[in-house]
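[1] kindly return the folded structure for what I paste below:
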Amino acid sequence: FGYTAEATYKDIYIYFDFADKVSPVNHLATKAFSMYGLGGAQEMGPPKWGNIRGSVVLVRLEPDRGFSPNVTYCSTLGFDEIYKTLVFFRDSKTSAHKIALKRDSVRMRESMPGLPGGQPFAQNFSHYMGPGGVRTEQQVNEDQDKCDHCGKTQSIVGKLKKCQRCKVTLYCGKECQKSAWKKHKKICRQL
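    Numbers count the residues shown, from 1 in each chain. Sure thing, here's the model as predicted:
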């Protein structure tokens, strides 16, 4: 299973014939869906199952309300969303596995109940340790940083980029930075 381009929960099953060693390698699917091991098993480090060959079948998953209580569920998985997902992971400089780890840690942090004594979990958070790896509190906090223009979090886009002039304001990429420039240039030098 895995994430579509903008999902905050694991929202798709990916089916492919693991035994197929004859069909051509599906490079796009291999890059986009190398998030977890076979059967959805989380592994330390990137999955080791190799290349996806031939066709892939994608099926939408309902959110696990224990971990994603506030997610709006849409049962439709349309061509546009699949295309956007494939292009997103194809063009991302961050691996699908690392993006999944970031999204997992943010999702887990947001779903944790308070600790005994009524203290919120987030104040006592030091590390997220899942089968896919370890993320520090600072890394999970950075994963929740948002693009100044569109509001997407770093856990969704993979890695936000800082304005090269002020080195403070964060953007998804050049498109968001260009769109926000008229507003941002007024404060950029002051930051």
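
[2] output the lowest mean pLDDT helix or strand found in this structure.
    Lowest mean confidence among the helices and strands of the chain (mean pLDDT, DSSP states H and E): strand 127-130, at a mean of 61.

[3] so Arg135 is in contact with Ala100, correct?
    No - the pair formed by Arg135 and Ala100 falls short of the contact definition of Cβ atoms under 8 Å, at 11.6 Å. To be clear about C-beta, it is placed using only N, CA and C from the backbone, and glycine gets the same treatment.

[4] where does pLDDT dip in this protein?
    For the chain, applying pLDDT under 70 flags the ranges 38-45, 112-134.

[5] Tyr73: how many residues sit nearby?
    The criterion is other Cβ atoms under 10 Å. On that basis, Tyr73 has 12 neighbouring residues.

[6] ok, Gln177 - how many residues close by?
    For Gln177, using other Cβ under 10 Å, the count is 20.

[7] please name the nearest non-neighbouring residue to it.
    On the basis of Cβ to Cβ, 6 or more residues apart in numbering, the spatially nearest residue to Gln177 that is not a chain neighbour turns out to be Tyr171, at 4.3 Å.

[8] all strands for the chain, in order.
    Per DSSP state E, the chain has strands spanning 12-15, 57-60, 127-130, 133-136, 161-162, 170-171. These are given in chain order.

[9] do you know which of the ones you listed lies nearest Ser179?
    strand 170-171 (9.0 Å; Cβ to Cβ).

[10] which residues does that closest one contact?
    Identification of contacts with strand 170-171 by Cβ atoms under 8 Å, 6 or more residues apart in numbering yields 145-149, 154, 160-163, 177, 180.

[11] over to stretch 26-39?
    The contact list for stretch 26-39 (Cβ under 8 Å, 6+ apart) reads 1-3, 14, 16, 18, 42-43, 46-49, 51-56, 85-86, 88-90, 95-97, 99-100, 132.

[12] pull out the buried members of the residues you listed.
    Buried members of the contacts of stretch 26-39, counted by 16 or more other Cβ atoms under 10 Å: 2-3, 14, 16, 42-43, 46-47, 49, 51-53, 56, 85-86, 88-89, 96-97, 99-100, 132.

[13] re the thing from before, and the contacts of strand 170-171, which two are furthest apart?
    Spatially, the most separated pair among those is Gln154 and Ala180, at 16.4 Å (Cβ to Cβ).

[14] neighbour count: these two, which is higher?
    Higher neighbour count among Gln154 and Ala180: Gln154, with 23 against 17, using other Cβ under 10 Å.

[15] give me the distance between the more buried one and Met108.
    For Gln154, the distance to Met108 (Cβ to Cβ, to the nearest Å) stands at 16 Å.

[16] before we move on, the earlier item: out of the strands of the chain, which one sits most buried?
    Burial of the strands of the chain is given as mean neighbour count (mean count of other Cβ atoms under 10 Å); strand 170-171 ranks first at a mean of 22.
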